[in-house]
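> Predicted model, plus sequence, below.
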Amino acid sequence: MYRRITLLLTSLLSIVVLHGQRNMSLSDCMDYALANHSEIRIAEYSMKDADWQIKENRAVAFPQIGLGLHANRFIHQPALPAEALGFGEPGQKITFALKNDIGATVSFNQLLFDNKYIATIKAAKMYKDYAAIQFQGVVEKLRNKVTDAYIPALVVAEGVRILDKNIESQQKLVFETKANYQAGFVEQLDVDRLEYALATFQTDRESLLRQRDKLIDVLKFTINMPNAEEITLLDDVDKLLAIYGDIDIDEKLDYMNRPDYVASLKATELNDIQTDAFRKDWWPVLSFFGSYDPTFQGNDELFWIPSAIVGVQLNMPIYDGGYYKAKEERSVIQSLKVVEQRKMLAMSYDLQIETARKDYYSTKQKMEDREQSLNLAERIFETSETKFRQGVGSSFEVTQAQAGLYRSQADLVNARFDYLKSLVAFKQALGKN
């Protein structure tokens, strides 16, 4: 029985631990952000709002049916003296309203033609497309933000792994040196130097761990994950270099891959619809109406007095003081502003991709140089370590070579980070992240 309870508690604890820990790749972080981020929800609400806006505008042309009820009683009836009307006896008053009025009204209105309604429907449908394009823009920006938050944390994690290897190697060297010291082959100074280097590595590791934790907190904030949850990064720099390294550095930019540019084109179309509607403001508005009023009216006795009316109404502006002409010109100006903004947007895209292309070449060369430097530093360290173990070298040479190796490793990590950033920036500039 005790074993069963222990096994059950162990299983539950494992479930809790697994639930609290997430292993996430860059793709997983993107998926989580797209499923949970408030910016995505807001963009989705905008698309739903666009659907309902179409229905709202379309409802104007549907029959409008209304029902009204009323019950009125004149406490003091309006009346005119009989002599004012030229008939009746002097002092007599004639009323034109009965004391009681009880009835209902059923009204029917139907829009038959209105150019503004046609333009509104066109604009509402186009706004739905515009909202969808804006949604894609939000997705693109969020993906880029997640990528920019994921990679620094990943690079710091790589730095921690490199330090772990150095610490492991240094601990082994310190252990061997202490044994040689006890045997009388080396001095205490040699042990102290190596232990000092080990302590430095351990301090640097703790600092990197704190930096990694802060960057992971930033990543969780970026993907809208509760800070209390724990995540482990699955990807490594080599994997992302392989994914993002599959590029044609001479590829030309297609502006239509950038949602902001497409949204600018759609904004111009929306302005054109608005301009056309203002230009045709003189077009008439034709509508049909009808109403039926079953009413009871009277003083002491009520009488059935129904009424009904149907008709057609045509409204057409003749002169508005230039009101719609001014709105038309303002709409044209707005379109011209959007065109100029689109030109600046295209220029910024061109600059972005050219900068990313130049950064690619420079960071790639820098990474290759750092790899060569690291190879040299490793050879120097291996030679110094071998000489020290054979008793023909000093611990000072080892610590100096090890410091140079560590600097070369850190330089390569930074160079790989810069190279990966240039690849990501080029993909983002192409709109293909």
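Happy to help now that I have it. Not measured: the values here are computed from a predicted model.
> May I ask which helix or strand of this structure has the lowest mean pLDDT?
Lowest on mean pLDDT, DSSP states H and E among the helices and strands of the chain sits helix 2-20, with a mean of 43.
> what's the following helix or strand after it?
Using DSSP states H and E, the next helix or strand after helix 2-20 towards the C-terminus is strand 21-24.
> and the helix or strand following that following strand, what other elements does it pack with?
Following strand 21-24 in sequence order, the next helix or strand is helix 26-36 (DSSP H and E). With contacts defined as 3 or more CB pairs under 8 Å, 6 or more residues apart in numbering; DSSP states H and E, the packing partners of helix 26-36 are helix 115-182. (C-beta placed from N, C-alpha, C; glycine too.)
> Now do the helix it packs on and helix 26-36, the angle between them.
Inter-element angle recorded for helix 115-182 and helix 26-36: 140 degrees (by axes from the mean of the first three to the mean of the last three CA atoms, to 10 degrees).
> Let the chain start at 89 from now.
With 89 as the first residue, the last one maps to helix 203-270.
> Outline the domain layout of this structure.
Listed domain ranges for the chain are 110-150+202-370+411-518, 152-201+376-404 (source: automatic domain parsing).
> Point out the most buried one among those.
With neighbours defined as mean count of other CB atoms under 10 Å, the domains of the chain peak in mean count at domain 110-150+202-370+411-518, which reaches a mean of 16.
> start to end distance for that domain?
One end of domain 110-150+202-370+411-518 sits 31 Å from the other (CA to CA, to the nearest Å).
> so how far is it off the chain centroid?
15 Å (CA atoms, centre = their mean, to the nearest Å).
> And for stretch 387-397?
Taking mean C-alpha positions (CA atoms, centre = their mean), stretch 387-397 and its chain are 64 Å apart.
> Give me the average confidence score over that stretch.
For stretch 387-397, the per-residue pLDDT values average out at 85.
> Need the contact partners of it.
Stretch 387-397 is contacted from outside by 186-188, 190, 378-385, using CB atoms under 8 Å, 6 or more residues apart in numbering.
> and if we set it to 6 Å?
Stretch 387-397 is contacted from outside by 186-187, 379-385, using CB atoms under 6 Å, 6 or more residues apart in numbering.
> packing partners for the longest strand along the chain?
Counting residues, the longest strand in the chain under DSSP state E turns out to be strand 188-201. Applying 3 or more CB pairs under 6 Å, 6 or more residues apart in numbering; DSSP states H and E, one finds that strand 188-201 makes contact with strand 152-161, strand 373-381, strand 383-386.
> what helices or strands is the last one leaning on?
Judged by 3+ CB pairs under 6 Å, 6+ apart, strand 383-386 is in contact with strand 188-201.
> Just the CA coordinates for the strand it packs on, please, in PDB.
C-alpha atoms of strand 188-201 as PDB (Å, rounded to 0.1, in the frame of the first residue of the first chain):
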ATOM      1  CA  ASN A 188     -58.900  61.800 -26.500                       C
ATOM      2  CA  ASP A 189     -56.700  60.300 -29.200                       C
ATOM      3  CA  ILE A 190     -55.700  56.700 -29.000                       C
ATOM      4  CA  GLY A 191     -54.100  54.800 -31.900                       C
ATOM      5  CA  ALA A 192     -51.100  53.200 -33.500                       C
ATOM      6  CA  THR A 193     -48.900  53.800 -36.500                       C
ATOM      7  CA  VAL A 194     -47.300  51.200 -38.800                       C
ATOM      8  CA  SER A 195     -44.700  52.700 -41.100                       C
ATOM      9  CA  PHE A 196     -42.800  51.200 -44.000                       C
ATOM     10  CA  ASN A 197     -39.800  52.800 -45.700                       C
ATOM     11  CA  GLN A 198     -37.700  51.500 -48.600                       C
ATOM     12  CA  LEU A 199     -34.700  53.000 -50.100                       C
ATOM     13  CA  LEU A 200     -34.800  52.700 -53.900                       C
ATOM     14  CA  PHE A 201     -31.700  54.400 -55.000                       C
END
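> First-to-last residue distance for stretch 332-346?
Counting by CA to CA, you get 18 Å between the two ends of stretch 332-346.
> From residue 121, how far off is the residue nearest the centre of the chain?
In the chain, the centroid-proximal residue (CA atoms, centre = their mean) is residue 226; its distance is 3.6 Å. Noted for residue 226: a distance of 11 Å to residue 121, by CB to CB, to the nearest Å.
> for residue 137, same thing?
Per CB to CB, residue 137 is found 22 Å from residue 121.
> hang on, the earlier thing: to residue 430, which of the helices and strands packed on strand 188-201 lies closest?
strand 373-381 (35.0 Å; CB to CB).
> tell me what the closest one is packed against?
Short answer (3+ CB pairs under 6 Å, 6+ apart): strand 373-381 packs on strand 188-201, strand 395-403.
> export the ones you listed to TSV and tack on distance to residue 474?
Formatted as TSV, the helices and strands packed on strand 373-381 follow (distance: least, CB to CB, whole Å):
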stretch	distance to residue 474
strand 188-201	94
strand 395-403	100
